[in-house]
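1. structure for this input, please:
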Amino acid sequence: MCHPLIVRMIPFAALLAMSQLHLSCTGAGISPQASLARDSADLRQVIASMPAKPDAAQVASYNQALDAFLTRLFRKHPPATLQGTVECEGMRVSIDPGKSELLQLDPRQFDDIAIIRKVEGGDQVHAFVTRGGIGIPVVMKQNYRAEKASGKKLFPLNGRHLPATIIADLDREGAVVLRFHHTRNVQQATARGSTQALAYDLSTPLHRSMGDRFQNNMALRGLINSDRYLDDTGIYLPDVYDPTKIPVVFVHGLKSDPHIWQNAMNEVLRDPVLREKYQCWYFLYPTGLPVYASAAKLRRMLYIARDHYDPRHTNPQMNRMILVGHSMGGLLSRMQTIDSEDDIYHSFFIKPLDQLPLKPLTKQLIEESMVFERVPFVKRTVFVASPHQGSSVAQVPFVRACGLLVNPTNNLDAVTMDIRLNAHDQLNPELRKFRNMGCRSVQTLSPQHPILTSLQRRPMQVPCHSIIARKQERGPVENTTDGVVAYWSSHVAQSQSELVVNGTHSCTRLPEVAGEILRILRLHLK
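-> Below you'll find the model as predicted:
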């Protein structure tokens, strides 16, 4: 049962500074003669003496005692051992696992619990999502394990980093009770019989999720050697799935990875209304595949996510999904909102598929990627610097030469070989301008590639919005470019709104871009 907030809000930095008078980030400052039992006794005394309406100094004293106790506890007891009653050198500490991981986290399910000593955001975040209050903010990490992923689909390959705040209370017998509140969803909790405002830090766990080196490695390596990273393709949830929240799926572009969306995700968390209404997911994929092949993988993963989390297809929030795509990711997103009919297929072949003398597997892969219906539960798209009519950069000789370094996947290589040997004369003549029949991601971004013309003919069946960057701050916007994609290519006549920002193609971290995405998310709630 929720109660009115009855404690004053204390600046996070002030509490952190008071806490650091006692402890450094390594736990130095704890007396060598101190023990876990002594820290537990000190904590019990502080809790017992804390009034229902503590002032700033009393909250700081509580946090200081709890910090000292947790620092020593985590050194001696791995998370897996924190269950039921823990004996701490003769003192008893109870662990409350909670009833729902959306509200309270069970430490036994985690591999590491790290107290946040300094807020982290890297170079992507412009404002931290933190608040002062009672309790100790931590990052609770679940490592990726294949057996865990099989039971929890969409589990991030670099692990899951969840935000929590630990508070301590006393049970009826006077023993310390620890609770690990999931602060993405819980911002206040009961302590000493009254509701207290929790301290929290949502930016640091997000940074550790999105700033991991694994994702950065995917950008170039996933472009050059897509086959190696093909099994990593998927939609991933940085946090626990919440059936009450609308999924927003962020899609990166060519030679990129999901970390580019860290600031936008952080801003969603920073807005209390949007944090309550939305959950941020991301699509990770190697970008050497042609646009139509990557779009087919996104389509398949969207259905996998829906079938796993909403098997009866009755959840109204799942049915309001939004896609946000940058650059080539915008084209992938667009292809989830159209019915292809025969347009995409005929941009490649001049005869019907059943008349082509190709292998059954080749025909199956062609049909899966070129003949499709829109994803019915995707209800809105946002395009950021997307080359709807291609990019002239893809035609630069040096870029075209670099594009030839992209190694095809085994399946794609087999398909192109089958077509070359058995149906080359049935190809759209425009494809003969390209090496490898225009089947590399860079080639499908050329303004001369027929797939882009066919996409223009297919109307999107959901509202869409455009965010376009330009390097030149002066002159007619129609003559500008972001350095990679010209305005005329990013412009979509069907868009309900269009925002032009000053910046380069790598504009996703700009505050104006995040602000426009938030505006669209608010619009979607109406």
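
2. quick check: closest non-adjacent residue to residue 292.
-> Excluding the flanking residues, the one nearest residue 292 by Cβ to Cβ, 6 or more residues apart in numbering is residue 369, at 4.7 Å. In short, each C-beta sits where N, CA and C put it, glycine included.

3. the one you found touches residue 289, doesn't it?
-> No: Residue 369 is beyond contact range of residue 289, at 9.4 Å (criterion: Cβ atoms under 8 Å).

4. between those two, which one's more packed in?
-> Set residue 369 next to residue 289 and count neighbours by other Cβ atoms under 10 Å: residue 289 wins out with 28 against 24.

5. identify the residues contacting that one.
-> 226, 297, 409, 412, 441 (Cβ atoms under 8 Å, 6 or more residues apart in numbering).

6. residue 299 too?
-> Contacts of residue 299 by Cβ under 8 Å, 6+ apart are 335-336, 372, 375.

7. what about it, distance to residue 483?
-> Plainly put, residue 299 is 30 Å away from residue 483 if you go by Cβ to Cβ, to the nearest Å.

8. if we can go back for a sec, can you add pLDDT and give the contacts of residue 299 back as TSV?
-> TSV is the format used below for these (pLDDT from 0 to 100):
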residue	pLDDT
335	98
336	98
372	97
375	98
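
9. which ones among those map onto strands?
-> Counting by DSSP state E, no part of the contacts of residue 299 is found in strands.

10. which of these tops the neighbour count?
-> Highest neighbour count within the contacts of residue 299: residue 335, with 26 neighbours (other Cβ under 10 Å).

11. please enumerate the helices of the stretch 101-250 of the chain.
-> Assigned by DSSP state H, counting those that start in this stretch, the helices in the stretch 101-250 of the chain fall at 146-151, 203-210, 213-224, 226-229.

12. equivalent analysis for the stretch 401-526 of the chain, please.
-> Counting by DSSP H, counting those that start in this stretch, one finds helices in the stretch 401-526 of the chain at the ranges 410-422, 450-457, 487-490, 511-524.

13. which other helices and strands does the last one contact?
-> In this case it means helix 511-524. helix 262-270, helix 272-277, strand 321-326, strand 378-384, strand 464-470, strand 497-502 (3 or more Cβ pairs under 8 Å, 6 or more residues apart in numbering; DSSP states H and E).

14. buried residues in that helix, which are they?
-> 513-514, 516-518, 520-521, 524 (16 or more other Cβ atoms under 10 Å).

15. and it with strand 378-384, angle?
-> Orientation of helix 511-524 against strand 378-384 (axes from the mean of the first three to the mean of the last three Cα atoms, to 10 degrees) gives an angle of 160 degrees.

16. and the contacts of helix 511-524?
-> For helix 511-524, the external contacting residues (Cβ under 8 Å, 6+ apart) are 126, 246, 248, 263-264, 266-268, 271, 273-274, 277-278, 320, 322, 324, 379-380, 382, 384, 465, 467, 497, 499, 501, 503, 507.

17. and residue 391, how far is that from residue 210?
-> Distance of residue 391 to residue 210, given as Cβ to Cβ: 26 Å.

18. hmm, I was thinking of residue 102
-> If you measure residue 102 against residue 210 using Cβ to Cβ, the figure is 21 Å.

19. and stretch 487-496, how far apart are its ends?
-> The first residue of stretch 487-496 is 17 Å away from its last residue (Cα to Cα, to the nearest Å).

20. related to what we said a few turns ago, which of the buried residues of helix 511-524 sits closest to residue 75?
-> Nearest to residue 75 among the buried residues of helix 511-524, counting by Cβ to Cβ, is residue 514 at 38.6 Å.

21. so residue 463 makes contact with residue 380?
-> Yes: the criterion here is Cβ under 8 Å, and residue 463 meets it with residue 380 at 5.1 Å.

22. quick one: contacts for the nearest residue to residue 111 once chain neighbours are set aside?
-> Spatially, and ignoring its direct neighbours in sequence, residue 111 is nearest to residue 143 (4.5 Å; Cβ to Cβ, 6+ apart). Residue 143 makes contact with 111-112, 159 under the criterion Cβ under 8 Å, 6+ apart.
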